[in-house]
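S.K.: Here is my input, please return the structure:
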Amino acid sequence: MNGADRSAVMQYAAEKLNTKPEYLFRSSPQTAVLRHKASGKWFAIIMPVSREKLGLRGKDTVDVMNVKCDPLMLGSMLTEPGFLPAYHMAKGAWVSILLDGTVPLSEVTAALHMSYALVSKKAGGRHRTEPKEWLVPANPKYEDLSESFMQQDTLYWKQSAAFIPGDILYIYEGKPIGAVTWCCEVTKTDIPYHYDQGGLHMDKVAELRLLRKYAREQFPLERLADFGVRSVRGPRGLPDDLAAALRASGEAVQKRRKQHMKALFLWYPKCSTCKKAKAWLDANGIAYDARHIAEQNPTADELRAWQAKSGLPLRRFFNTSGMRYRELELAKRLPEMDEAEQIALLSTDGMLVKRPLLITEKGVLAGFREQEWGALLK
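M.R.: Predicted coordinates:
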């Protein structure tokens, strides 16, 4: 794997970003500035700096490149070899990268594209009208996307690139996940939203709508490398072959959804097991209607039908680990009650009912066991 140096970066900027270096400083004639043509903003500065000034060992001079970076990614970038706190630039918005061969060219160009995108949003009105597919990074340190999408299928996203409504975002979650896990559509842009905390600053956001979820093992970073993507530092376009693979995988999920009649999924959103079950359904492309088990508890007729269809003893439909079960001392009382009385009791309070419940044409399951659910839904 080739490490990046000054000449390789200059050549890449000229060929891919149509940008030539400007030499603006008499006191430092080797310092080169790369400027975004539309916005007029600098997106990279390449300069020679002594290793001592960078906090490195040695007294010789080394080329570094300063680029703008998304604050969401700053922490993870600085853990990588060759990435340093910005030299002579705002350390919360820029990062320095060694150009001495330490950092692979693919990682340097990914950072270059991130910086280019960050300054391009200041260029004025958008000219693009056709939707585009993006690969964008997310830092699990700042937001648990699984938790967010459990609650609703839309969320606000930091608008760090020139998104337009209709764009498709494939979200790559950084360490410890390290994989593309979500596909979303941009539904609105330029929504005013002030946030300034923990090094993260936002003035406007885009609204995203969830389209599908990918399992971690489908598109980990190791597989992305097969398509020429070795890092995801900032919003970037997709190689054609990677875009095709992501779409094909999504189409397969949609096909599986159509093959199944919708299941009924009864859950309690604060229950960790219910969350795992919902994530499993989403990852496996199972179509379902979700129902809050406490807000819309099962009726006696439903419970009677589900218990018969499941073939399970009625006691399996009680949430025996729940607080309500213990408060009513049902461990002692249930043996003295007949089935009609037990069903009547269950129908009065959804918190007494075992969760989650999965009801399909083929059968009914109480509680989540991945192997059982897979067998029922295959």
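S.K.: Next up, the contacts around Glu217.
M.R.: Ala179 (C-beta atoms under 8 Å, 6 or more residues apart in numbering). In short, each C-beta sits where N, CA and C put it, glycine included.
S.K.: Look up the pLDDT of it for me, please.
M.R.: pLDDT recorded at Glu217 is 90.
S.K.: what secondary structure does it sit in?
M.R.: Secondary structure assignment for Glu217 (DSSP: H, G, I helix; E, B strand; the rest coil): coil.
S.K.: Going along the chain from the least confident helix or strand in the chain by mean pLDDT, find the next helix or strand for me.
M.R.: Ranked by mean pLDDT, DSSP states H and E, the helix or strand of the chain with the weakest confidence is helix 240-259, at a mean of 70. Sequence order places strand 263-267 as the next helix or strand after helix 240-259, per DSSP states H and E.
S.K.: shaky segments in the stretch 151-300 of the chain?
M.R.: By pLDDT under 70, the low-scoring segments of the stretch 151-300 of the chain are 160-161, 194-203, 250-261.
S.K.: Okay, helices next: where are they in it?
M.R.: For the stretch 151-300 of the chain, applying DSSP state H, counting those that start in this stretch gives helices covering 221-226, 240-259, 272-283, 300-310.
S.K.: Serialize these to TSV and add fields for distance to Arg51.
M.R.: Formatted as TSV, the helices of the stretch 151-300 of the chain follow (distance: least, C-beta to C-beta, whole Å):
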stretch	distance to Arg51
helix 221-226	30
helix 240-259	37
helix 272-283	47
helix 300-310	69
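S.K.: Between these, which one is closest to Pro165.
M.R.: Nearest to Pro165 among the helices of the stretch 151-300 of the chain is helix 240-259 (19.0 Å), distances taken as C-beta to C-beta.
S.K.: Can you give me the end-to-end span of stretch 282-299?
M.R.: From its first residue to its last, stretch 282-299 covers 27 Å (C-alpha to C-alpha, to the nearest Å).
S.K.: And stretch 204-214, what's buried?
M.R.: By 16 or more other C-beta atoms under 10 Å, the buried positions in stretch 204-214 come out as 205-208, 210-214.
S.K.: for those, which one is nearest Asp241?
M.R.: Asp241 has its nearest neighbour among the buried residues of stretch 204-214 in Tyr214, at 16.7 Å by C-beta to C-beta.
S.K.: which residues touch Gly234?
M.R.: Residues near Gly234 by C-beta under 8 Å, 6+ apart: 69-70, 73, 110-111, 113-115, 117-118, 136-137, 160-161.
S.K.: now with 10 Å?
M.R.: 67-70, 72-73, 77, 110-118, 135-137, 160-161 (C-beta atoms under 10 Å, 6 or more residues apart in numbering).
S.K.: now, which of the residues you listed lie within helices?
M.R.: Counting by DSSP state H, the contacts of Gly234 place 72-73, 77, 110-118 in helices.
S.K.: mind listing the strands in the stretch 101-250 of the chain by residue range?
M.R.: Using DSSP state E, counting those that start in this stretch, the strands assigned to the stretch 101-250 of the chain run over residues 133-138, 154-158, 168-173, 179-197, 200-213, 236-237.
S.K.: of those, which approaches Val33 most closely?
M.R.: Each of these was scored for nearness to Val33 using C-beta to C-beta, and the closest is strand 236-237 (22.1 Å).
S.K.: got a list of contacts for that closest one?
M.R.: Residues outside strand 236-237 that contact it (C-beta under 10 Å, 6+ apart) are 109-110, 113-114, 116-117, 132-137, 161, 172, 229, 243.
S.K.: Could you list the paired strands of that strand along with their orientation?
M.R.: strand 133-138 (antiparallel) (DSSP bridges).
S.K.: per-residue confidence averaged over the strand it pairs with?
M.R.: Rounded mean pLDDT across strand 133-138 is 91.
S.K.: Tyr23 - how many residues pack around it?
M.R.: Using other C-beta atoms under 10 Å, the number of residues around Tyr23 comes to 11.
S.K.: Turn the buried residues of stretch 204-214 into a markdown table, columns for distance to Ser272.
M.R.: As requested, those are exported to a markdown table (distance: C-beta to C-beta, whole Å):
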| residue | distance to Ser272 |
| --- | --- |
| Val205 | 29 |
| Ala206 | 30 |
| Glu207 | 28 |
| Leu208 | 25 |
| Leu210 | 21 |
| Leu211 | 25 |
| Arg212 | 23 |
| Lys213 | 18 |
| Tyr214 | 22 |
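S.K.: how far does stretch 94-111 stretch from start to finish?
M.R.: Distance across stretch 94-111, first residue to last, is 11 Å (C-alpha to C-alpha).
S.K.: Name the residues of that stretch that are buried.
M.R.: Using 16+ other C-beta under 10 Å as the test for burial, stretch 94-111 gives 94-100, 102-105, 107-111.
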